[in-house]
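In: one predicted model, sequence on top.
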Amino acid sequence: MSDSYLNERSAKDWKKSHKHGAGEWLAERGTSLILLPLTLWAVWSGYQLAGQGVDAALAFAKTPLNAGLIAAIFVVSGWHMFMGLKVIVDDYIGKDGTRGFLNLLNLLFCLAVTGAALYALFLLVRS
Amino acid sequence: MTQSPTPPKAAYRPLSPHLQIWRFHMTMFASIVHRITGVATIAGLLMGVAWLWALALGPQAYTCFLTCASSPLGLVVWMGVSLAGFIHLTGGIRHLIWDLGYMFEPKKADTLAAITFWGAIILTVILWVALFSTGKVQVML
């Protein structure tokens, strides 16, 4: 047993994963499962609205069910996007500080995208 | 019992091998493409945000959005996003199948990866053939 990296600190780090690792794994699969029907619905809706003007699009987005699904797709996509980008950062960025910084930027970006979508939806539903 | 002379202070965290290290094989290609298409699909999400803002800001903004979206460049971007999105979507189904423990043997995994790629291409072609043949989308030059 002379593996130099088997020190107390790394052992503690490994033990963390049994508390939150499964949660991340499940969140990745859960958001994927939810996004399957949601994105197919979005493609179908885009197909229906293609070639039509602002009135059709407004009527579509103001329908409560559609507005709810639009909100859901942006919330779940934002979460899914954060986890996907985080995995890429975690895989390729070795330096702790840089990794943390990039993941903070990632979080802010995903929150901004989702927030911008929800705010626009809120404005147009009220108009 | 030998002790490392200078034990590393930080925890040992292995990095993923970089792209150029891999010898080509189907599931490695599928994995890389899954990541690339996932990132590319972000463009689609941003276009969705732009659509919502154009709707919220009123008819003039929406006309501007439609002009951009239906321009030749806009159509190329929509096509790219739809292809990337479908590849990521069918790739997601592939991963869910693997997670359930099915088709994980190397040969079956290769077959499944090929099926999901072809499925994505077929879905994209069907979408755009339908959009053009129904006249919903026209190329304005």
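Out: Structure's in. What do you need?

In: from here on, contacts and neighbour counts on C-alpha atoms
Out: OK.

In: tell me, what residue is most central in the chain?
Out: Picking chain A for this. residue A:79 (2.1 Å; Cα atoms, centre = their mean).

In: hmm, no, I was thinking of chain B.
Out: Centre-nearest of chain B using Cα atoms, centre = their mean is residue B:37, 2.4 Å out.

In: who are the contact partners of that one?
Out: B:84-85, B:87-88 (Cα atoms under 8 Å, 6 or more residues apart in numbering or on different chains).

In: over to residue A:36?
Out: Going by Cα under 8 Å, 6+ apart, residue A:36 touches residue B:89.

In: in which helix or strand does it reside?
Out: helix A:8-49 (DSSP states H and E).

In: what is the mean pLDDT for that helix?
Out: Helix A:8-49 shows an average pLDDT of 83 in the prediction.

In: phi, psi for the residue nearest to the centre of chain B please.
Out: In terms of degrees, to the nearest 10, the main-chain angles of residue B:37 are phi -70, psi -30.

In: need the pLDDT of it.
Out: 98.

In: ok, so what distance separates it from chain A?
Out: 11 Å (Cα to the nearest Cα, to the nearest Å).

In: then residue B:12?
Out: Per Cα to the nearest Cα, residue B:12 is found 6 Å from chain A.

In: for residue B:101, same thing?
Out: Applying Cα to the nearest Cα, the value for residue B:101 to chain A is 14 Å.

In: after the helix holding residue A:36, next one along is what?
Out: helix A:54-62.

In: counting neighbours, what do you get for the closest residue to residue A:51 other than its chain neighbours?
Out: Distances taken as Cα to Cα, 6 or more residues apart in numbering or on different chains place residue B:136 nearest to residue A:51, at 4.5 Å, with adjacent residues excluded. A count of nearby residues for residue B:136, using other Cα atoms under 10 Å in any protein chain shown, gives 15.

In: quickly find the element holding residue B:136.
Out: Assigned by DSSP H and E, residue B:136 belongs to no helix or strand.
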